[in-house]
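Enquirer: Quick one, what's the 3D model for this:
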Amino acid sequence: MPASPADLPKIWLSSPHLGEQELQFVNEAFADNWIAPLGPHVNGFEKDLQDYNEVPHAAVLSSGTAAMHLALDMLDVGPGDKVICQSFTFCGSSHPVTYLGAQPVFVDSEADSWNMCPQALERALADLGEAQKPKAIIPVHLYGNPAQMEEILSIAERYQVPVVEDAAESLGSTYRGQKTGSLGDMAIYSFNGNKIITTSGGGALVSPQQHYVEQARFLATQARDEAPHYQHSRIGYNYRLSNVLAGIGRGQMAVLDERIAQRQANFRHYRHLFETQIQEKGYRVYFQQELPDCVSNRWLTTLLMKPAENQGKTREDLRLALAEQNIEARPLWKPMHLQPVFKDAPAYVDGTSEGLFNIGLCLPSSSNITDEQREFVVEKVREYFGM
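Expert: Numbering: from 1, shown residues only. Below is the predicted model:
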């Protein structure tokens with residue numbers, strides 16, 4: 001009797017991919033008894049990030065969300081303040097705004113890269129005016145795809161508002177020859193289990209300005225003053241990354257370029273399937289577009305399916321067909337301005353991100369997906385389209 005779909009091994013959307021060096025660094029931490037937060041692997045991981053991204057200062061932390069929280073805290077975001085956030089993304093950009101009692105102001109995406117629309121950003125800034133000038137602008141490099149940073153940075157400079165890049169998904173991507181995360185006043189990365197490299201949990205704050213990273217380290221260590229006893233002149237947080245997890249990060253950094261190449265190969269494989277075999281049958285899907293002179297790490301391969309161009313077939317029907325075969329696919333991020341928790345937040349939107357959410361799908365994109373697994377996904381996609 002053939003195996004039922006429930007018996008098939010799960011093909012994950014984006015699973016952790018560990019190698020051999022990670023265990024070596026972890027064993028060193030155990031052997032040296034560096035188990036508590038801080039230690040040589042923390043320093044080494046920070047140096048690896050600085051060198052790779054060509055950004056002079058980095059602090060590794062407990063999560064990307066924690067890094068964003070610290071960045072906003074250092075920009076003196078507080079009750080009643082406004083922070084401009086990209087709507088089309090994960091909540092890790094906007095939730096920290098609320099931790100500090102401030103209000104997110106959501107800005108829609110443009111249709112090519114799916115990232116913050118410069119025109120919508122300018123409308124928001126002009127409308128808010130000097131009296132409500134935001135404390136920060138948070139563009140996102142969605143699914144690893146760089147945003148229109150030259151335009152965003154130019155607008156931010158004109159209005160004198162700091163920019164915090166959300167590069168959680170884009171480690172290794174480049175914007176006109178520069179690594180994402182090296183362009184704004186500060187930037188954050190995530191090393192969550194589903195990211196292109198992982199430390200189980202974890203994140204980082206990076207900046208060209210030393211004082212931001214030094215202050216982040218201070219705040220992330222409960223804002224302990226320099227004294228022989230525990231003394232605190234302000235409120236801090238417990239946000240440092242442990243030496244053990246930093247050891248995993250050092251091992252992951254050693255294979256980062258390989259992981260990026262594997263993710264990009266997934267994208268090329270899926271694109272070839274849809275733009276040749278599927279399209280020849282009269283169907284049409286669209287992929288997230290890289291801007292000129294930009295390179296996405298293709299953390300996730302994402303596509304759009306318009307029912308009118310696919311004989312009524314929808315992304316949701318395809319997702320469910322894959323789920324029946326124990327293949328994880330997922331809709332695109334639901335825009336933040338559509339989330340119940342932010343129903344009353346200001347939003348400068350024109351329907352772009354809502355439209356993308358309604359027809360968009362993420363395909364299995366793990367760097368450790370086997371050729372056999374990927375071909376199984378392709379086979380089930382072909383079956384869905386009647387091939």
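Enquirer: What about Gln373, how many residues nearby?
Expert: Gln373: 17 surrounding residues under other Cβ atoms under 10 Å. For the C-beta atoms, the positions are set from N, CA and C on the backbone; glycine is no exception.
Enquirer: helix or strand for it, which one?
Expert: helix 371-384 (DSSP states H and E).
Enquirer: do Ser353 as well
Expert: helix 352-359.
Enquirer: Give me the residues contacting that helix.
Expert: 87-88, 108-111, 114, 117, 304-307, 314-315, 331-335, 337-338 (Cβ atoms under 8 Å, 6 or more residues apart in numbering).
Enquirer: Alpha carbons of the longest helix seen in the chain, as CSV, please.
Expert: What stands out as the longest helix in the chain, according to DSSP state H, is helix 256-272. The C-alpha trace of helix 256-272 is given here as CSV (Å, rounded to 0.1, in the frame of the first residue of the first chain):
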residue,chain,number,x,y,z
LEU,A,256,26.9,32.0,4.5
ASP,A,257,27.9,32.5,0.8
GLU,A,258,27.2,28.8,0.2
ARG,A,259,23.8,29.0,1.8
ILE,A,260,23.0,32.1,-0.3
ALA,A,261,24.0,30.3,-3.5
GLN,A,262,21.7,27.3,-2.5
ARG,A,263,18.7,29.6,-1.9
GLN,A,264,19.4,31.4,-5.2
ALA,A,265,19.5,28.0,-7.0
ASN,A,266,16.1,27.2,-5.6
PHE,A,267,14.8,30.4,-7.1
ARG,A,268,16.2,29.7,-10.5
HIS,A,269,14.9,26.2,-10.4
TYR,A,270,11.3,27.3,-9.6
ARG,A,271,11.4,30.2,-12.1
HIS,A,272,12.5,27.8,-14.9
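Enquirer: list the helices and strands that helix packs on?
Expert: Identification of packing neighbours for helix 256-272 by 3 or more Cβ pairs under 8 Å, 6 or more residues apart in numbering; DSSP states H and E yields strand 301-305, helix 371-384.
Enquirer: my guess is Ser207 contacts His57, does it?
Expert: Yes. Counting by Cβ atoms under 8 Å, His57 is a contact partner of Ser207 at 5.4 Å.
Enquirer: list the residues that contact both of the two?
Expert: The contact lists of Ser207 and His57 share Val213, where a contact means Cβ under 8 Å, 6+ apart.
Enquirer: per-residue pLDDT, Gln277?
Expert: With respect to pLDDT, Gln277 scores 89.
Enquirer: Tell me which residues touch Gln21, please.
Expert: Counting by Cβ under 8 Å, 6+ apart, Gln21 has contacts Arg250, Gly251, Ala254, Val255.
Enquirer: what's downstream of the helix or strand of the chain with the lowest mean pLDDT, the next helix or strand?
Expert: When each helix and strand of the chain is scored by mean pLDDT, DSSP states H and E, helix 279-280 comes last, with a mean of 90. Going down the chain from helix 279-280, the next helix or strand is strand 285-287, by DSSP H and E.
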